[in-house]
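[1] just the structure for this:
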Amino acid sequence: MNFKRRVSRLRELMDEKHLPSVLVSHPDDVFYYSGYQAGVDDHPVLLVKKGGEPLLFLSPLTGAVKAYADVINFSKKKVCGDSYHG
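    Numbers count the residues shown, from 1 in each chain. The predicted structure is shown next:
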């Protein structure tokens with residue numbers, strides 16, 4: 001799956017609609033753009049801005065993560081280094 005291409009296409013649509021950012025909250029859409037597979041009680045939110053890596057916001061109960069995004073875990077309140085860029 002080419003998450004980078006998907007996010008690039010989303011950014012093209014954002015430019016067309018003059019949107020500075022998009023907040024993705026449906027788990028299927030978060031997976032489509034980042035590769036992060038949400039668990040049953042997981043409620044991830046992905047922030048896609050015009051530039052930089054998307055930001056994936058997760059519950060502090062979430063363990064190690066693989067996703068095309070910089071990961072923000074609310075318990076740490078900083079960007080974690082568990083993301084990949086494939």
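[2] what ranges do the helices span in the chain?
    Using DSSP state H, the helices found in the chain span residues 3-17, 27-34.
[3] need the helix or strand of the protein with the lowest average pLDDT.
    strand 78-80 (a mean of 41; mean pLDDT, DSSP states H and E).
[4] of all the helices of the chain, which one is nearest residue 56?
    Checking the helices of the chain against residue 56 by CB to CB gives helix 27-34 as the closest, at 5.7 Å. C-beta: built from backbone N, CA, C; applies to glycine.
[5] next, the angle from the closest one to helix 3-17.
    Relative orientation of helix 27-34 versus helix 3-17 (axes from the mean of the first three to the mean of the last three CA atoms, to 10 degrees): 100 degrees.
[6] can I get the CA coordinates of helix 27-34 in CSV?
    Listed next in CSV are the C-alpha coordinates belonging to helix 27-34 (Å, rounded to 0.1, in the frame of the first residue of the first chain):
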residue,chain,number,x,y,z
PRO,A,27,-11.0,4.0,11.7
ASP,A,28,-11.3,2.7,8.1
ASP,A,29,-10.2,6.1,6.8
VAL,A,30,-7.3,6.3,9.3
PHE,A,31,-6.2,2.9,8.1
TYR,A,32,-6.5,4.0,4.4
TYR,A,33,-4.2,7.0,4.9
SER,A,34,-1.8,5.8,7.6
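[7] show me what it is packed against.
    Helix 27-34 is packed against helix 3-17, strand 45-49, with contacts defined by 3 or more CB pairs under 8 Å, 6 or more residues apart in numbering; DSSP states H and E.
[8] so which of those comes closest to residue 23?
    Closest among the helices and strands packed on helix 27-34, using CB to CB: strand 45-49, at 5.7 Å.
[9] in the closest one, which residues are buried?
    Of all the residues in strand 45-49, those buried under the rule 16 or more other CB atoms under 10 Å are 46-48.
[10] swap in stretch 17-33?
    In stretch 17-33, counting by 16+ other CB under 10 Å, buried: 22, 24, 27, 30-33.
[11] any idea which of the residues you listed is closest to residue 54?
    residue 33 (6.6 Å).
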